[in-house]
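Asker: Next comes the sequence, and after it the predicted model I'd like to discuss.
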2 protein chains.
Amino acid sequence: MKKQMMLIVTLLVSLVHFAISQPPRGPFVISPKVNADKTVTFSYLAPNATTVLLGGGQFGAVDVPMTKNTEGVWSVTFGPIKPDIYPYSFKVDGVTVMDPANVAFFPNERFKGSLVEIPSDVPAIYALKNVPHGTVSYEYYPSVEGSTGTLVVYTPPGYTKDKSKKYPVYYLISGTTDTEETFWKVGKTNLILDNMISEGIAKPMIVVMPYGNPMAKIAEQTGKDKPADVMSRDGEDALRRMKMFEIDLITHIIPFTEKNYRTIANRDNRAIGGFSRGGGQTLRTAFNNVDKFAYVCSYASYISPAEMDKSFTNITANPAKTNKDFKLLFSGIGKEDFLYKGTLEWENYLKEKKINFKSYVTDGGHTWMNVKKYMNETLPILFK
Amino acid sequence: MKKQMMLIVTLLVSLVHFAISQPPRGPFVISPKVNADKTVTFSYLAPNATTVLLGGGQFGAVDVPMTKNTEGVWSVTFGPIKPDIYPYSFKVDGVTVMDPANVAFFPNERFKGSLVEIPSDVPAIYALKNVPHGTVSYEYYPSVEGSTGTLVVYTPPGYTKDKSKKYPVYYLISGTTDTEETFWKVGKTNLILDNMISEGIAKPMIVVMPYGNPMAKIAEQTGKDKPADVMSRDGEDALRRMKMFEIDLITHIIPFTEKNYRTIANRDNRAIGGFSRGGGQTLRTAFNNVDKFAYVCSYASYISPAEMDKSFTNITANPAKTNKDFKLLFSGIGKEDFLYKGTLEWENYLKEKKINFKSYVTDGGHTWMNVKKYMNETLPILFK
């Protein structure tokens, strides 16, 4: 019996080894913890900090003070919060940090935020449900100027089963400073489609999610130090980068997709859409390549009447042709979005020019909560 | 001409809109910047901070002071640094943060670190090269206790081309607090195999990278608040979690893989390996399921002689059979690894018991730089 005990002790000691590859970490923090009443308890370990604040402006938490317990864990219970997926962070003595205890994060070139999901009583269309799931694949492809690009591809449930079936493709582009991961990790495009396909609401489709900033890859891979080319906020650079993305999409991404995936490779089975900068890339790419896409979805974006007049008379000169070409021209915008006014001006311009479009105006601002609403509106009507 | 100018101004203003979805961000920071002499310049914007330190212990940077320029950007040039991929972070007035300007990060349940790659003059085996690339796919699968699990699958170049070809499978498990993303995002398993397959060094294979901590998923999805079950550092819990992972792998992950991927579904074409806790899971799972795996790779892990005597006499009782069963039993360890002593004890135990194994001892510690070395040693000899 004593020998048995010794053995168990030895066992435990040897097992503990596997867990101590990190330095001692103090108390084990669970954060975020979503409570039954839809409040959320956020926690952060910082025994020596003077102030810790919760930052989650999109659910109303602006520098909310947290309080420290005797173990040095700061926490606050906030809410109830309206069910959705939100970014948040902590401000520790003035320094913004992600939640170290949370794996879910917002992929972005600049800011570092964590994500919290507050489930609704009836599971939302973007919730992880017990339905057949598609696959999300990361690909390298030959991109502009000899660089290697990265993109993410959603294939629907059943894609690997029926090896002869071909699918329409939605090219879906994220916003400024987002990456190729943002549409699925924050926007949950894959889960929305899993659910919609399972319910027969949306057609099974492939979704290609590119990295919208190919010049960053060029700079990274060639070692060239030209920050202004990569991501400055100057207008001329923005225009040049948009063009570079268009070239990348048309001459590299679409051919790569159609070579490596079972696609229906014609304009009636190609859609293009995007959020924010990705919406601007969507509209310009679609209008410059009318032969390529029949469905066009702008999520919180627009083109100014001045630019329309200058660059896109091909779209406005013959409205009947344009209205036949585009089976869908969608414009979604939130009333509190800082692009709301510009979007309305663009929509009025389209009306004057007798170009058909589907307008969807909702509450809320320039957020990924709203992007999910725009996907809700558009995914069911693509390729139909 | 004046009208033209006006138009350009309007255009630029409208384009700038797409870039300002974030609040004003001050000067544009490029970080990290790898210089030609293999020094690296790290930068962090914090006009109001009092001290900013660079932390990158694995390349020798322990709390290295950074200096602030007139724009409020702190920076330091460190090195030259030995070519490899390293985690790093900043300590801003005592608070540890990722590099906000860097997309590359270390997926982990607990700490949040950024990654920097210092390329070598002759591109390393893990470098992104101009060779055919495989695909990295994220899957949901039905896991233990009704939860939905997540795993990552590498399929080799050509997988989608020849639709009849079947492949051997390497099940590869990451360490404590790592996620299913760590082996490819930090370990670069996909790029190593792309390069090795292209050079004919390794056989084309599928690699399945599970999330090694299924009990965290159960807690997350059922909303049960039982932190001790999820990841406490107590030995009994660790043992129970290892068993839960084994059940998940054998009864869920392998059947899911063999149903959805073109695998050669027999023990001669199954390998299992892992790092740290994943190495412990590897050894216990392999020894409990000798009928399932012919290749077993422990990366910085071991089983104590006491546990071997108690639980794995099936392995030691008949060395001739065991040596025939396992075409490879690999043990890789670094001389500065805190598990070095325990690993040597285990290897000596195996020698005494006349169990064949391949020992690989290298410099370095319990790091992902060393994991890449262990992959270098093992990937070329799997399934041969």
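Answerer: Structure received.

Asker: Pretty sure A:Asn370 sits against A:Gly332.
Answerer: Yes - using CB atoms under 8 Å, A:Asn370 is in contact with A:Gly332, at 7.5 Å. For glycine as for every other residue, the C-beta is placed from the backbone atoms N, C-alpha and C.

Asker: In terms of packing, which of the two has more residues around it?
Answerer: Remark: of A:Asn370 and A:Gly332, A:Gly332 carries more neighbours, 27 against 23, as counted by other CB atoms under 10 Å in any protein chain shown.

Asker: need the contact list for that one.
Answerer: A:297-300, A:359-362, A:370, A:373-374, A:377-378 (CB atoms under 8 Å, 6 or more residues apart in numbering or on different chains).

Asker: Can you verify it is assigned to a strand?
Answerer: Yes - counting by DSSP: H, G, I helix; E, B strand; the rest coil, A:Gly332 falls inside a strand.

Asker: Could you report the separation of it from chain B?
Answerer: 15 Å (CB to the nearest CB, to the nearest Å).

Asker: any residues in contact with both of A:Asn370 and A:Gly332?
Answerer: By CB under 8 Å, 6+ apart, A:Asn370 and A:Gly332 have these common neighbours: A:299-300, A:362.

Asker: Name the nearest of those residues relative to chain B.
Answerer: Closest approach to chain B among those (CB to the nearest CB): A:Ala300, at 8.7 Å.

Asker: I'd assumed A:Ser276 was in contact with that closest one.
Answerer: Yes - taking CB under 8 Å as the definition, A:Ala300 is a contact partner of A:Ser276 at 5.7 Å.

Asker: what residues are shared contacts of those two?
Answerer: With contacts taken as CB under 8 Å, 6+ apart, the residues that reach both A:Ala300 and A:Ser276 are A:339, A:366.

Asker: Need the three-state assignment for A:Cys297.
Answerer: Taking three-state DSSP as the rule, one finds A:Cys297 in the strand state.

Asker: Name whatever forms a beta bridge with it.
Answerer: Beta-bridge pairing of A:Cys297 under DSSP bridges involves A:Gly273, A:Phe330.

Asker: From what I see, it and A:Phe275 are in contact.
Answerer: No - A:Cys297 is beyond contact range of A:Phe275, at 9.5 Å (criterion: CB under 8 Å).

Asker: overlap in contacts of the two?
Answerer: By CB under 8 Å, 6+ apart, A:Cys297 and A:Phe275 have these common neighbours: A:Tyr374.

Asker: and the stretch 251-384 of chain A, which of its residues are near chain B?
Answerer: Counting by CB under 8 Å from any CB of the partner chain, the stretch 251-384 of chain A comes close to chain B at A:260-261, A:276-277, A:279-280, A:301, A:303-304, A:306-307, A:310, A:338-339, A:342, A:366.

Asker: Just give me the neighbour total for A:Ala202.
Answerer: Neighbours of A:Ala202 (other CB under 10 Å): 24.

Asker: Please name the residues that touch it.
Answerer: By CB under 8 Å, 6+ apart, the contact list for A:Ala202 reads A:193, A:196, A:379-380, A:382.

Asker: Switch the residues you listed over to TSV; also include secondary structure, distance to B:Phe293 and neighbour count.
Answerer: Shown next, in TSV, are the contacts of A:Ala202 (DSSP: H, G, I helix; E, B strand; the rest coil; distance: CB to CB, whole Å; neighbours: other CB atoms under 10 Å in any protein chain shown):
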residue	secondary structure	distance to B:Phe293	neighbour count
A:Leu193	helix	35	29
A:Met196	helix	39	21
A:Leu379	helix	42	25
A:Pro380	helix	45	14
A:Leu382	coil	44	23
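
Asker: ok, so of those residues, who is nearest B:Asp99?
Answerer: A:Leu193 (33.1 Å; CB to CB).

Asker: Check A:Gly175 and give its pLDDT.
Answerer: Looking at A:Gly175, its pLDDT is 92.

Asker: which phi and psi does the residue nearest to it when sequence neighbours are not counted have?
Answerer: Excluding the flanking residues, the one nearest A:Gly175 by CB to CB, 6 or more residues apart in numbering or on different chains is A:Ser276, at 3.2 Å. Dihedral pair for A:Ser276: phi 60, psi -120, per degrees, to the nearest 10.

Asker: from memory A:Ser276 sits against A:Leu283, does it?
Answerer: No - at 11.8 Å, A:Ser276 does not count as touching A:Leu283 under the criterion of CB under 8 Å.

Asker: Can you check which residues contact both of these two?
Answerer: Joint contacts of A:Ser276 and A:Leu283 (CB under 8 Å, 6+ apart) are A:Ser301.

Asker: burial measure for A:Arg277, as a count.
Answerer: Residues near A:Arg277, counting by other CB under 10 Å, number 26.

Asker: My read is that it contacts A:Gly212, right?
Answerer: Yes - counting by CB under 8 Å, A:Gly212 is a contact partner of A:Arg277 at 6.3 Å.

Asker: shared neighbours of the two, anything?
Answerer: In contact with both A:Arg277 and A:Gly212: A:173, A:175-176, using CB under 8 Å, 6+ apart.

Asker: In the stretch 101-250 of chain A, mark out all the helices, start to finish.
Answerer: Using DSSP state H, counting those that start in this stretch, the helices of the stretch 101-250 of chain A run over A:182-185, A:189-198, A:214-222, A:227-231, A:235-248.

Asker: Take the second one, keep the C-alpha atoms, and write them as PDB.
Answerer: As requested, C-alpha coordinates have been extracted for helix A:189-198 and formatted as PDB (Å, rounded to 0.1, in the frame of the first residue of the first chain):
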ATOM      1  CA  THR A 189     -18.900  33.500 -42.600                       C
ATOM      2  CA  ASN A 190     -18.200  29.800 -42.500                       C
ATOM      3  CA  LEU A 191     -20.700  29.100 -39.600                       C
ATOM      4  CA  ILE A 192     -23.400  31.400 -41.200                       C
ATOM      5  CA  LEU A 193     -23.100  29.400 -44.400                       C
ATOM      6  CA  ASP A 194     -23.000  26.000 -42.600                       C
ATOM      7  CA  ASN A 195     -26.300  27.000 -40.900                       C
ATOM      8  CA  MET A 196     -27.900  28.600 -44.000                       C
ATOM      9  CA  ILE A 197     -27.000  25.600 -46.200                       C
ATOM     10  CA  SER A 198     -28.300  23.200 -43.600                       C
END
